[in-house]
Each structure stands twice: as C-alpha cells, then as structure tokens.
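Q: Pasting the sequence and the predicted model now:
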Amino acid sequence: MSRPDDFSLSIIVPSYNEGACVEQLTQELGRILPPLTKRFEILFIDDGSKDDTFARVVALSQKDSRINGISLSRNVGHMAALACGLDAARGDVVITMDADLQHPPELIPDMIAAWQSGYDVVNTLRHNTATTKASGDLLSRLFYAIYNRTADVKLIPHSPDYRLLDRRCVDALCSMTERLKFFRGMVPYIGFRQTTMPFECPPRFAGERSYTLRKSLTLAYDGMVSFSDFGLKLPFVLGLAISVVAFLYILVSIALVAMGITPLAQGWVSLLSFNVLSLGLNLTFIGVFGLYIGKIFNEVKRRPLYFVQQSIGQPLAPRASSDTIRDSGLA
Ligand code: UDP
Ligand code: MG
C-alpha cells in the first residue's frame, strides 16, 4: 500500500523555556519540510515558559504563516502540552518532537517515507550518547524492565516522544479521555501498523533540560499507574504467600511444642522482626492504594488538562479529500 504525495503535515513542538532553540529549529524545519509537502504547519505549544519563547514564536509567525503557536495559561507539563498539540493539529500526518534539536529533523523524510509505504505510526529509538548520565540510564533500564513485565502494554525502551502519527492515530489518541496522558504507553495501546527508527541523540542545542529527576520519576510512576494494576494485585499475592508461610510456621510450632520442644522461648528477635516487617509491608501497600486512589481522584474531577492563553497563526485548512487518505490507509 502506498499513500499519496499530496498530504498536509503538522509538526507539534511542546516548548518550555526554549527561547534559545525555536529559531534554529524553525530554520532547520524550513529547510527539510518544503521538499516533502507544500502544506505544513509548525505548531509550537508554549507550556507556560518563563522566558521569551512565545514572543519569539509570535515574531516567527508574523514572518511565516506556516508557523503557529499556542501559549498555555501555565506550565502543565510535557505530556499535557503534547495533548494540546494533538487536539489542535489539523495535518493528515502529525509529527511530535522536542524543541531543543535533540530530535534531529533530518529523520523526518525517512519517517514520511515509512508513512507513505503504509505505516501508521513511526516511533523512534534514541541511541545512548555521552549526554546520558549512567545513573539515569540504569534507572530507565530498570523502569522499562519492570514495566514491560507488569503493565498491559509493552513500551519500546528509550523511545522518546519523537514520532509520526497518521491522522487516524491522532484521532484515536484524542478519543482516549483519561487525564493522565502517558503517550509512550498510549501509542502502543492504540495498535495500527507501527514501526521504529533509530537515531543518534545529540546534546541540547541550547537551554537546560527541564526534566529533572523528580519529573522523570513522576512520569515513570504515572505511566505505571495508568497502564498497570500490578500494584493493586501485589498485596494479595504477597499477603497470601506470607499467610501460607505463617500458617506452616504455626503448625510446626504447635507440633514442636507438643513434642516438648519450645522454639519460641528465645524467639523474641524473630518475632519483633516479623512484626516490623509486616508493619512496613502494610504501610507500603496502603501507600500504593493511596497512589491509585490519588489518580482516580484526579480522573473523576475531569478538569481540563490545559487552558489556552493565546493562539496565533493560521491553522492548516482541512483538506477536502482527506477521507481519501484515510480510506487508502485502511486498504
Ligand atoms: N517540555 C514541556 N513542558 C515541561 C517540560 C518540558 O513542554 O514542563 C518540553 C521541552 O521544552 C522539550 C521537551 O518537552 O521540548 C522535552 O524536554 P527536555 O528536553 O527538558 O527533556 P529531555 O529531552 O532531556 O528528556
Ligand atoms: Mg531534550
């Protein structure tokens, strides 16, 4: 199956304090996109930046009508900014990428070629570079190992939010109403034909990484809670195992006492250890329930994920024959 050459493309760029990057990224995209399609938009989502990111996007948009911007009312985080981009993008094809040029725009022609050959999702795979800290790498490997053994979806390790999505996939993602957006899990969840492309991840062009260890851990735990009820099952499994061991221990103790041997006479240390351990386990599992209940609490409030402060630019016009593209994708 092959897709038409005439398609519209939205590039979504969530940006938080990326004033020093937006011009360079726009320049590189301005070189790479026109040979691919005439109808494209670069949509910056300014996620409540404290620097001049949005002012620079406005200036770029005044010079070039293909550059659009949405500024959010406050910093809502990378995932929510991406969700805003997906809601607003109008392209037949959508590519999400970071503002800091760590997602090389040179990959886009290959991604488009994969889409044209019939893939609906083109994920990417980040090769480790000198910029990745060994400790962070170990943590992320541990995360993926646990995640892929316990969650309902399989994540692609080291696959960032640099990906191409066919319009049907964008619509599918937008139809998932959860507040907690974990796109690295949601994308494998929707299915469709997916492929993965590796790339070398260069250092940031400018600015500082806003994903602190705390933000990364929050994302990891959000991902865990939203696609796995393993934490809720664990107390049952472990509780059952401990109960069986305790029951056997009681039986053996009774038997030993009946035989005139009293194993518990000097056993207060083991008794205390067991009590402390069981208290620790109980509190831990109450805490795990708390994490899930906290997420349920957030979901049932159904608050909007973001509020738009200002939109600039001209959204891509929906193509008259967009259904042709959609249908050809189904063939
Ligand atoms: N980002 C965002 N909101 C945030 C944090 C980050 O929109 O609260 C954007 C950021 O501007 C960048 C992308 O998300 O375009 C990835 O962030 P960063 O480069 O800090 O993370 P890393 O690439 O180091 O994982
Ligand atoms: Mg980055």
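A: Okay, I see it. Ligands and ions are numbered 1, 2, ... in the order given.
Q: Contact partners for K154?
A: Neighbour list for K154: 148, 188 [criterion: Cβ atoms under 8 Å, 6 or more residues apart in numbering]. Every residue, glycine included, has its C-beta placed from N, CA and C.
Q: brain fart, Y144
A: By Cβ under 8 Å, 6+ apart, the contact set of Y144 is 155, 157-158.
Q: show me which of those neighbour ligand 1.
A: Checking these against ligand 1 by Cβ under 6 Å from any ligand atom, not one of them is in range.
Q: Pull out the buried members of those residues.
A: 155, 158 (16 or more other Cβ atoms under 10 Å).
Q: Nearest to ligand 1 among the contacts of Y144?
A: H158 (10.8 Å; Cβ to the nearest ligand atom).
Q: Against N275, how distant is the closest one?
A: Separation of H158 from N275 (Cβ to Cβ, to the nearest Å) stands at 43 Å.
Q: cool, and V121?
A: V121 is 51 Å from N275, by Cβ to Cβ.
Q: Between those two, point out the one with more neighbours.
A: V121 (24 against 10; other Cβ atoms under 10 Å).
Q: Apart from its neighbours in sequence, what residue is nearest the more buried one?
A: Q194 (4.1 Å; Cβ to Cβ, 6 or more residues apart in numbering).
Q: Which residues are in contact with that neighbour?
A: By Cβ under 8 Å, 6+ apart, the neighbours of Q194 are 119-123, 187-188.
Q: Backbone dihedrals for the closest residue to G91 other than its chain neighbours, please?
A: Sequence neighbours aside, S10 is the residue nearest to G91 in space, at 3.3 Å (criterion: Cβ to Cβ, 6+ apart). Dihedral pair for S10: phi -110, psi 130, per degrees, to the nearest 10.
Q: Could you give the bridge partners of S10?
A: E41, V94 (DSSP bridges).
Q: Just the local confidence number for R31, please.
A: pLDDT for R31: 95.
Q: now the one 10 residues further on
A: The predicted structure scores E41 at 96 on the pLDDT scale.
Q: So is the helix or strand hosting A55 next to ligand 1?
A: Using DSSP states H and E, A55 falls within helix 53-63. No: counting by Cβ under 6 Å from any ligand atom, ligand 1 is not contacted by helix 53-63; separation bottoms out at 8.2 Å.
Q: Just the buried residues of that helix, please?
A: For helix 53-63, by 16+ other Cβ under 10 Å, it's 53-54, 56-58, 60-61.
Q: Name the residues that touch the next helix or strand after that helix?
A: Past helix 53-63, further along toward the C-terminus, the next helix or strand under DSSP H and E is strand 67-72. Residues outside strand 67-72 that contact it (Cβ under 8 Å, 6+ apart): 26, 41-48, 54, 57-58, 60-61, 80-81, 84-85, 88, 306-315.
Q: Lowest mean pLDDT among the helices and strands, pick that one out for this structure.
A: helix 322-330 (a mean of 39; mean pLDDT, DSSP states H and E).
Q: what about the helices in the stretch 201-331 of the chain?
A: 213-227, 230-258, 268-301, 322-330 (DSSP state H, counting those that start in this stretch).
Q: right, so of the ones you listed, which gets closest to D171?
A: helix 322-330 (9.1 Å; Cβ to Cβ).
Q: For P188, which residues are in contact?
A: 153-156, 194.
Q: ditto for E28
A: By Cβ under 8 Å, 6+ apart, the contact list for E28 reads 101, 105.
Q: Show me the shaky parts of the stretch 101-250 of the chain.
A: Along the stretch 101-250 of the chain, the parts satisfying pLDDT under 70 run over 128-136.
Q: Would you mind listing what in it touches ligand 2?
A: Contact residues, the stretch 101-250 of the chain versus ligand 2 (Cβ under 5 Å from the ion): Q102.
Q: Let's see that with 6 Å instead.
A: By Cβ under 6 Å from the ion, the part of the stretch 101-250 of the chain that sits against ligand 2 consists of 102, 204, 209.
Q: what sits against the last one?
A: So that's R209. Here R209 is in contact with no residue (Cβ under 8 Å, 6+ apart).
Q: From ligand 1, how far out is the nearest residue to I146 once chain neighbours are set aside?
A: Distances taken as Cβ to Cβ, 6+ apart place M224 nearest to I146, at 8.0 Å, with adjacent residues excluded. Separation of M224 from ligand 1 (Cβ to the nearest ligand atom, to the nearest Å): 18 Å.
Q: M224: neighbouring residues, count only.
A: Residues near M224, counting by other Cβ under 10 Å, number 19.
Q: Can you verify my assumption that it contacts A151?
A: Yes: applying Cβ atoms under 8 Å as the test, M224 and A151 come out as touching, 6.8 Å apart.
Q: who touches both of those two?
A: Common neighbours of M224 and A151 (Cβ under 8 Å, 6+ apart) are F230.
Q: Show the backbone phi and psi for the residue lying farthest from the centre of the chain.
A: Here the chain reaches farthest from its C-alpha mean at G260, the gap being 61.9 Å by Cα atoms, centre = their mean. Main-chain torsions, G260, degrees, to the nearest 10: phi 90, psi 10.
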